[in-house]
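**Q** next one to model:
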Amino acid sequence: MLQAEMEARPSLVIFYGSQTGNAQDVAERIGREAERRHLDATIISMDTYDPVQCKLKTFLLVTLIYATNIHMNIYIFVKKVEFSVN
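**A** Predicted structure coming up:
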């Protein structure tokens, strides 16, 4: 692939929230599929998102909820995203 084509590839940031690792596994599978479809996929734990360093326009959030404290992590992530947009 030419350098210009690589630079023009669309990108996808996939955030996941996981206590058991299941959401991370799903996010990684989505990332591999995105790469096969010629997207530059980046997979990040939603706990590590820093709105100052990473301005996002489009992203995917993967989370599997069946525990209690993951809800607070999602709330914090959404507030970070809202902060970065405003």
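**Q** what's the following helix or strand after the helix or strand where Ala41 lies?
**A** Here Ala41 sits within strand 40-45, counting by DSSP states H and E. Using DSSP H and E, the next helix or strand after strand 40-45 towards the C-terminus is strand 59-63.
**Q** can you state the direction angle for that following strand and strand 40-45?
**A** Relative orientation of strand 59-63 versus strand 40-45 (axes from the mean of the first three to the mean of the last three Cα atoms, to 10 degrees): 40 degrees.
**Q** name the helices or strands packed onto strand 59-63?
**A** strand 11-17, helix 22-36, helix 70-85 (3 or more Cβ pairs under 8 Å, 6 or more residues apart in numbering; DSSP states H and E). Just so you know, the C-beta spots here come from the backbone N, C-alpha and C atoms, and that holds for glycine as well.
**Q** can you list the low-confidence ranges for this structure?
**A** 1-8, 51-58, 63-73, 82-86 (pLDDT under 70).
**Q** tell me who's in contact with Ile43.
**A** 14, 16, 24, 27-28, 31 (Cβ atoms under 8 Å, 6 or more residues apart in numbering).
**Q** again but with Ile30, I slipped
**A** Taking Cβ under 8 Å, 6+ apart, one finds 14, 41, 60, 62 in contact with Ile30.
**Q** report the buried residues of stretch 36-48.
**A** Using 16 or more other Cβ atoms under 10 Å as the test for burial, stretch 36-48 gives 41, 43, 46.
**Q** go ahead and build a PyMOL selection from the buried members of the contacts of Ile30.
**A** Provided next is the PyMOL selection string for whichever of the contacts of Ile30 are buried by 16+ other Cβ under 10 Å:
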select buried, resi 14+41+62
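**Q** who does the closest residue to Leu61 other than its chain neighbours bridge with?
**A** Nearest non-adjacent residue to Leu61, counting by Cβ to Cβ, 6 or more residues apart in numbering: Phe15, 4.9 Å away. Beta-bridge partners for Phe15, by DSSP bridges, are Ile44, Leu61.
**Q** how many residues are close by Phe15?
**A** For Phe15, the neighbour count with other Cβ atoms under 10 Å is 23.
**Q** thank you kindly, that will do.
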